[in-house]
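Visitor: no letters, just coordinates:
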């Protein structure tokens with residue numbers, strides 16, 4: 001547990017140093033605001049989904065009349081929420097990964113740790129660019145053919161807004177991966193901070 005606490009404290013110090021307002025240029029402040037807004041929209045939409053799902057369950061149980069389109073809304077929204085929040089998740093260091101080797105390297109060879117972290121983030125940016133390229137034709141198809149989910153006469157929702165959010169999320173995540181990789185490579189040769 002002490003290792004987790006030290007990791008959190010080190011992360012908080014590094015994040016505070018990176019995000020102090022006087023050290024950030026206006027494009028970086030703008031970028032951090034943008035991904036925070038995207039994250040907030042994703043979080044608010046999760047709350048909206050919670051309300052919709054509970055109303056649907058209540059409508060089924062009490063009135064034997066569910067809300068139309070809830071399964072379609074939920075299936076589309078989960079994907080949209082993930083892509084709205086992925087860049088901010090990366091920025092605050094909450095993207096899931098195993099750090100056993102990196103924690104050991106932080107004590108024994110910090111430069112190698114920064115190189116591996118930088119390479120990890122460069123690969124992540126590359127994967128997001130591949131996802132963007134693969135998702136672009138799907139967005140074009142959904143936009144041009146006016147693709148909908150649901151049943152005609154019951155509930156229909158267009159697919160293109162979610163496909164657009166996927167493109168925006170992939171772009172934002174790729175940019176954040178590259179910014180984080182740049183910070184890692186810039187940290188090479190610096191002495192690590194100790195308690």
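Guide: That came through fine. This is a predicted model, so every value here is computed, not measured.
Visitor: next helix or strand past the longest helix along the chain?
Guide: Selection of the longest helix in the chain by residue count, based on DSSP state H, yields helix 26-63. The helix or strand immediately downstream of helix 26-63 is helix 70-91, counting by DSSP states H and E.
Visitor: mind checking pLDDT for residue 180?
Guide: Residue 180 carries a pLDDT score of 95 in this model.
Visitor: list the helices and strands whichever strand or helix holds residue 180 packs on?
Guide: Element membership for residue 180 (DSSP H and E) is helix 160-186. In this structure, helix 160-186 packs against helix 26-63, helix 70-91, helix 110-144, with contacts taken as 3 or more Cβ pairs under 8 Å, 6 or more residues apart in numbering; DSSP states H and E. (Glycine included, C-beta is placed from N, CA and C.)
Visitor: just the buried residues of that helix, please?
Guide: Of the residues in helix 160-186, those scored as buried under the neighbour-count criterion (16 or more other Cβ atoms under 10 Å) are 160, 162-181, 184.
Visitor: tell me how far that helix lies from the chain's centre.
Guide: In this view, helix 160-186 has its centroid 8 Å away from the chain centroid, taken as Cα atoms, centre = their mean, to the nearest Å.
Visitor: that older thread, next, format the helices and strands packed on helix 160-186 as TSV and append distance to residue 98, mean pLDDT and mean neighbour count.
Guide: Output for the helices and strands packed on helix 160-186, formatted as TSV (distance: least, Cβ to Cβ, whole Å; pLDDT from 0 to 100; neighbours: other Cβ atoms under 10 Å):
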stretch	distance to residue 98	mean pLDDT	mean neighbour count
helix 26-63	24	95	13
helix 70-91	16	95	19
helix 110-144	11	95	16
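Visitor: distance of the residue in the chain sticking out farthest from the centre from residue 121?
Guide: Most distant from the centre of the chain: residue 63, at 38.0 Å, with distances by Cα atoms, centre = their mean. Taking Cβ to Cβ, to the nearest Å as the measure, residue 63 and residue 121 are separated by 51 Å.
Visitor: residue 88 now?
Guide: Per Cβ to Cβ, residue 88 is found 15 Å from residue 121.
Visitor: one more: residue 83?
Guide: Computed with Cβ to Cβ, the distance linking residue 83 and residue 121 is 18 Å.
Visitor: what's the answer for residue 34, then?
Guide: In this structure, residue 34 lies at 19 Å from residue 121, with Cβ to Cβ as the measure.
Visitor: how about the secondary structure of residue 150?
Guide: Secondary structure, DSSP: H, G, I helix; E, B strand; the rest coil: residue 150 is strand.
Visitor: among the helices and strands packed on helix 160-186, which comes closest to residue 155?
Guide: Across the helices and strands packed on helix 160-186, the minimum distance to residue 155, taken as Cβ to Cβ, is reached by helix 70-91, at 6.4 Å.
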